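Undergrad: Sequence and computational prediction follow.
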Protein chains: 2
Amino acid sequence: MNTGKGMGFFFDPQSIAIIGASPTPGKASHVILDNLRRTGYNGSIYPVNPKYDHIDGMKCYASIADIGKQVDVAIFVLPASKVMEILGGPVENVRGAIIISSGFREVEKGELLEEELKRIAEEKCIRIIGPNCLGIYDAIYGVDTFLVPVEQVKRPKKGGLSILTQSGSFAVLIMDEMATEGIGVARIVSYGNKVDVDEADCLDLLAEDEATRYVLLYIESVENGREFVEAASRCAAKKPVVAIKVGRGEAGMHAARSHTGALGGKYEIYRAAFRKAGIIEVDGYEDLKDACRVLEAYNIVDGNKVLIITDGGGIGVSMADACEDLGLDVRRLSQDSKKRLSSKLPAFSATDNPIDLTASAKDDDYFTALEEGFLNGYDLAIVTVLWGAPALSTRVIDGISEVQNRYNKPVLICSPGGEFTRNKYRLFEEKGMPVFSTPEAGVRAAAVLIGKGTVRDNMSKGAGPWI
Amino acid sequence: MNTGKGMGFFFDPQSIAIIGASPTPGKASHVILDNLRRTGYNGSIYPVNPKYDHIDGMKCYASIADIGKQVDVAIFVLPASKVMEILGGPVENVRGAIIISSGFREVEKGELLEEELKRIAEEKCIRIIGPNCLGIYDAIYGVDTFLVPVEQVKRPKKGGLSILTQSGSFAVLIMDEMATEGIGVARIVSYGNKVDVDEADCLDLLAEDEATRYVLLYIESVENGREFVEAASRCAAKKPVVAIKVGRGEAGMHAARSHTGALGGKYEIYRAAFRKAGIIEVDGYEDLKDACRVLEAYNIVDGNKVLIITDGGGIGVSMADACEDLGLDVRRLSQDSKKRLSSKLPAFSATDNPIDLTASAKDDDYFTALEEGFLNGYDLAIVTVLWGAPALSTRVIDGISEVQNRYNKPVLICSPGGEFTRNKYRLFEEKGMPVFSTPEAGVRAAAVLIGKGTVRDNMSKGAGPWI
C-alpha cells in the first residue's frame, strides 16, 4: 500500500521491531508480540531490549541499530522519556514508528516533549503514528499492535469496515463490539495525539483501499481543517464515511483536552465541515453502532423517502416521531395506494405512513404493504414485526426478504420485545436484513442509510465556515 | 381497591365474564380464558356465548343476564356492533366492562358508535375500560385480560412498576421486555380509546396503591388536561411518574390519530403539563427502558451533580457530551479533590470530571475516585468499566458496590463492549447496580434519576400553559 502520502507501509510492513520487548506474559509489549504471532503476521519480528538475549525463543536485540536491517515499523512501549532517548540515538534503519506510550501533549508540560518528538521525526524522516495510541489492527495483512489480550477483547473477522480514531479505548471498544456483532473489519488505526499521521493521511489511504467498503471516523479534534475536508471529500466520494465528533460541549471538550490533548474548537465548525465533505455525522456511540450494522447490510440510498410498516400502532407512532426528530421524509401514501391497500389489508388497518397492519396482521399483509410502498416511490422501509400478532409465522421473514430482493431497496427490521422476539433476530439476519430492537435505533439506521446522519437539526444552529 | 373514583374493582374483581367466549384454542377469547386460569385468578369466571353449553368443562351462559349474579368485570371480545347490541340489552348485573374490540373512534365513522357507547355506559352506570384496548394485567391479584399467549409474550413477575397506556401493542411490548429484563410489575392498564376510565382515574388509584413503587405513562393524547395534571401531581408527589408522549410531530400525530383516535394537540403543551405535574418525561422507547431499569434499582435523587468515572478517555468524553445534551450538572472536581486524587491515582489519570483512570486503572483506583466524589458533594456516579484495562479484576465490582452502599448514593454502571464484557453484566446486577451498554443509555438513566428526564432542552422552546 503506497498511497496515503507514503504511510501505506504501516499496514503491510516487511518487518516490525518491538522496542522495550519483554518476556513477561501480560506485559504490554509481550501482549503485542503474542498478538502479532497469533494473527499470522509473516514478516520479520525483532524484539529489542538490552536486558535480554532471547524472548520466547526469538533473538532479542540490544538496540534498533543492532538489528542491522531495515525496520518498517518500530513499536514503542516505553516511558516517554525513554522513547525520546532512543529516537535521539541511531535509528537510521527505521521507516515508521508507532508510539504507544503516553506522557506527551495530553499531560501537563508534555507539550514541549511532543514538539521535540515532531522535530526529531521530521529531521530523521521517520513517519510516526501516535504517541498515546494503540496503533494498527489490520485484518487484511494480519498486523495487530493493540496491547489488549484477545481473551478480553475479541478481534473482528475480515470485512469492509475501516475505523480511524484518536481514542485508543474507543478503538478497542468498537473492535470488540464489531467482533461480537459479527461485523467484519479491514483496518483500524488509532493515532492518538497525531504528531504526524493524521486522519487526512488515513482517509487518502482508505479512499484507494479496495478492502475498505465504508469508514468510521472518531474525532475529538482536527488540526488541519482544510486538508481534512479535502481528504474526507475524496474518500466520501468513493465510499460512505461516518463520523462522530466527541467533546462537543464545554464538559466534553475539557475532557477531550486531557484525553488526547485535543484542542477542540467550536462544534458547529465541525458540523459544517462534515457536511461540506459529504460525511455522514452520527450523534453518539449508539448511533455509531447502528450505522455500522446498517452499512454492513446495505449501500447508501439515493433518495430519502421512508416507509414505515408496523403491526403495533404505538411503535408506529414512536417511529414517526423519531423520523421527524431526524428530519426524515415520511410522506403519506398516495390516495391510489391507500385505496389499493384498504381493499387488501385487515379491516382496521391504517393505510397511511406508518401503515399499521394491527395485531390482525397476517404474513401476506406485510408483503402487500411493502410491495405497494416500493412500487410507489419509497426508497427504504422500516418494518416493525411484533410477534404478539397471533396470525404471524416465520414465513413473514422469507416473504419480506423476497420483496426486498426483488425491488433491491433496503428493509430495516425493527423488532422490540422479549425472549421470544429476540430469538427470531437471527432469522432476519440470515436473510441479510439488520434487526434493531428499538424504534429509535431503526430510525437512526435509516437516517444513516439515506446519508442524513443522526444529529438533530436543531443542534446545527450557527454553523459557520470551516477555519 | 376502592380508590380511583370507584374503578378499583377492575383490579380485584370477584367475578369475570368473557362475552363471546370460544372453545377454540388460539382464539382471542380462549387465550384470555386460558390466561385467567393460568394466573390463578380465584374469583368466578363466566364464559358467555349462546352457541355453547360448556367451554373447557365450565358452564357457558347464553347471555349476561342468564348468569344471574353480579359480574364485576365483563370482557368483550366481539365485533363493535355486537358489543353495542349486548350493552343495549339487559346488563343490569354488570359493574364494569373491558371492551377489547376495535372499530370505534379510531376508524372512519366510528366516532358516533363511540358516543353511543359512552351514553349507554353512563345511563346504565357501567364503568368502561377501552374500547380498542387490552384491559388489565394485574400481577398482584392475578388478573390478565391480555389476549396474547404467554408462549409469545412473557408475563413479568410481581414488582413495583405500574404501567398506564393508550396503546395495547405498547403494553404488550413493555410487558414482554420487562419480563425478559427481570423487572417486576404491579399493574398494567391498557385503556385504548378511554371512553370512560382514563389516565387521571388510574393515576389516582396508583397514587394510593402500596404495590406500585413507580409509574410509567404512555400517552398519545390527553383529553381532560386539568384533571390529568391534578391527578398526576398527586401521584408524582408520592412516587416517580415517568411519561412518554408519542405523536409529537406532524407525522406522529397523524399516526396516533388513526391508532387510538387520539386528538393530539401541541406537544409543547404536554411538555409544560408534565413539568407542572412533576412528571419525569422521557424522549423515546429506549429512554423508557433505561428509566425502568434505573428506577428498579434506585430511588429518585435529591440533587443533580453527576460524577463520571472511566478507564477509557473516549467514552468519558462521550458521556460528558451526553450529559451536557441533557443539561446534567457535570461540574469539575474541586482543587482539593484533584490534589488528593492526583497523589493516589495512576500517573496519567485525568482528575477532573470525568475522572479518567486510563487503561492503567487498578481496582482500588475506582474505589478511591468514587469515594472522593461522594465525599465531596456528587449526588450520583456513572462508572464506566472497560475490561480492556489489564489490571482490573472482578473484585472491582464488589468494591464499587461497597462504596455505593456506604454512601447510599446511586452508581450506574456503563460497560460497553463485546462478549467478555457482556458476560460480566450479571455480576454488577447481582449487587443491585444496573448496567448500561452505551454511554448514552447510562446518561439517560442518570437524567431520569435526578428527575430531569431525557428530552433535550432545545426541544422545549415555546412551551405554553396547559389548556
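TA: Arrived safely, thanks for sending.
Undergrad: drop to CA atoms for contacts and neighbour counts, all remaining ones
TA: OK.
Undergrad: near chain B, which residues of the stretch 201-350 of chain A show up?
TA: A:246-253, A:255-256, A:258-259, A:284-286, A:312-322, A:324, A:330-331, A:348, A:350 (Cα under 8 Å from any Cα of the partner chain).
Undergrad: Which of those fall in helices?
TA: Those of those mapping onto helices are A:250-253, A:255-256, A:258-259, A:285-286, A:313-322, A:324, per DSSP state H.
Undergrad: Quick check on those residues: which are buried?
TA: A:251-253, A:255-256, A:258-259, A:285-286, A:313-322, A:324 (16 or more other Cα atoms under 10 Å in any protein chain shown).
Undergrad: how about A:Tyr214, phi and psi?
TA: phi -150, psi 160 (degrees, to the nearest 10).
Undergrad: where does whatever residue of the stretch 1-150 of chain A ends up closest to chain B land in three-state SS?
TA: Closest contact between the stretch 1-150 of chain A and chain B, by Cα to the nearest Cα, is at A:Val148 (6.0 Å). What DSSP: H, G, I helix; E, B strand; the rest coil gives for A:Val148 is coil.
Undergrad: Pop the domain breakdown of chain A in here.
TA: A:3-282, A:299-449 (automatic domain parsing).
Undergrad: Between its first and last residues, what's the separation in the last one?
TA: Just to be clear, that refers to domain A:299-449. 7 Å (Cα to Cα, to the nearest Å).
Undergrad: Return the residues in contact with A:Lys266.
TA: Neighbour list for A:Lys266: A:Arg248 [criterion: Cα atoms under 8 Å, 6 or more residues apart in numbering or on different chains].
Undergrad: circling back: how much space between the closest residue to the residue of the stretch 1-150 of chain A closest to chain B other than its chain neighbours and A:Ile188?
TA: Counting by Cα to Cα, 6 or more residues apart in numbering or on different chains, A:Val148 lies nearest to B:Gly388, which is 6.0 Å off, once chain neighbours are set aside. Separation of B:Gly388 from A:Ile188 (Cα to Cα) stands at 17 Å.
Undergrad: now do A:Asp290
TA: Going from A:Asp290 to A:Ile188 by Cα to Cα gives 18 Å.
Undergrad: What is the burial count for A:Ala179?
TA: 21 (other Cα atoms under 10 Å in any protein chain shown).
Undergrad: That one contacts A:Gly159, correct?
TA: No - using Cα atoms under 8 Å, A:Ala179 is not in contact with A:Gly159; the gap is 10.6 Å.
Undergrad: secondary structure class for the most centrally placed residue in chain A?
TA: Geometric centre of chain A, nearest residue: A:Leu216, 3.3 Å, by Cα atoms, centre = their mean. Here A:Leu216 takes the strand state, with states given by three-state DSSP.
Undergrad: from what I can see it touches A:Leu164, true?
TA: Yes - counting by Cα under 8 Å, A:Leu216 does reach A:Leu164; the two are 6.2 Å apart.
Undergrad: The residue lying closest to A:Asn376 once chain neighbours are set aside: what secondary structure?
TA: Among residues not flanking A:Asn376 along the chain, A:Ser337 sits closest, at 7.7 Å (Cα to Cα, 6+ apart). Here A:Ser337 is helix, with the state taken from three-state DSSP.
Undergrad: what's the pLDDT at A:Ser337?
TA: On the pLDDT scale, A:Ser337 is placed at 96.
Undergrad: and A:Ala21, that one's in a strand?
TA: No - read with three-state DSSP, A:Ala21 is coil and lies in no strand.
Undergrad: Near the residue nearest to A:Val148, how many other residues are there?
TA: So B:Gly388, with other Cα under 10 Å, has 26 neighbours.
Undergrad: Show me which residues of the stretch 51-200 of chain A sit near chain B.
TA: Neighbours of chain B within the stretch 51-200 of chain A, by Cα under 8 Å from any Cα: A:102-103, A:107, A:148-149, A:151-154, A:167-170, A:172-174, A:176-181.
Undergrad: Can you select the buried ones among those for me in PyMOL?
TA: Buried subset of these, written as a PyMOL selection, criterion 16+ other Cα under 10 Å:
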select buried, chain A and resi 102+103+107+148+149+152+153+154+167+168+169+170+172+173+174+176+177+178+179+180
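Undergrad: Inside strands: which ones of the residues of the stretch 51-200 of chain A next to chain B?
TA: Among those, none falls in strands (DSSP state E).
Undergrad: Show the backbone phi and psi for the spatially closest residue to A:Ile128 that is not a sequence neighbour.
TA: Using Cα to Cα, 6+ apart and skipping the chain neighbours, the partner closest in space to A:Ile128 is A:Ala97 (4.8 Å). Backbone torsions for A:Ala97, taken as degrees, to the nearest 10, come to phi -130, psi 140.
Undergrad: and the next element down the chain from whichever helix or strand A:Lys118 is part of?
TA: Using DSSP states H and E, A:Lys118 sits within helix A:111-123. For helix A:111-123, the following helix or strand on the C-terminal side (DSSP H and E) is strand A:127-129.
Undergrad: For that next one, which strands pair with it and how are they oriented?
TA: strand A:94-99 (parallel) (DSSP bridges).
Undergrad: And the contacts of the strand ranked longest in chain A?
TA: Scanning chain A for the strand with the most residues, using DSSP E, yields strand A:158-165. Contact partners of strand A:158-165, identified using Cα under 8 Å, 6+ apart, comprise A:139-140, A:171, A:183-192, A:199, A:202, A:206, A:211-219, A:292, A:296.
Undergrad: circling back to that earlier point, is it correct that the residue of the stretch 1-150 of chain A closest to chain B is in contact with B:Pro390?
TA: Yes - the criterion here is Cα under 8 Å, and A:Val148 meets it with B:Pro390 at 7.4 Å.
Undergrad: circling back to that earlier point, test my guess that the residue nearest to A:Asn376 contacts A:Leu370.
TA: No - contact criterion Cα under 8 Å: A:Ser337 and A:Leu370 do not qualify, at 11.3 Å.
Undergrad: which residues in the stretch 1-150 of chain A form strands?
TA: Taking DSSP state E, counting those that start in this stretch as the criterion, the stretch 1-150 of chain A carries its strands at A:15-19, A:44-48, A:54-55, A:58-59, A:71-76, A:94-99, A:127-129, A:135-138, A:143-144.
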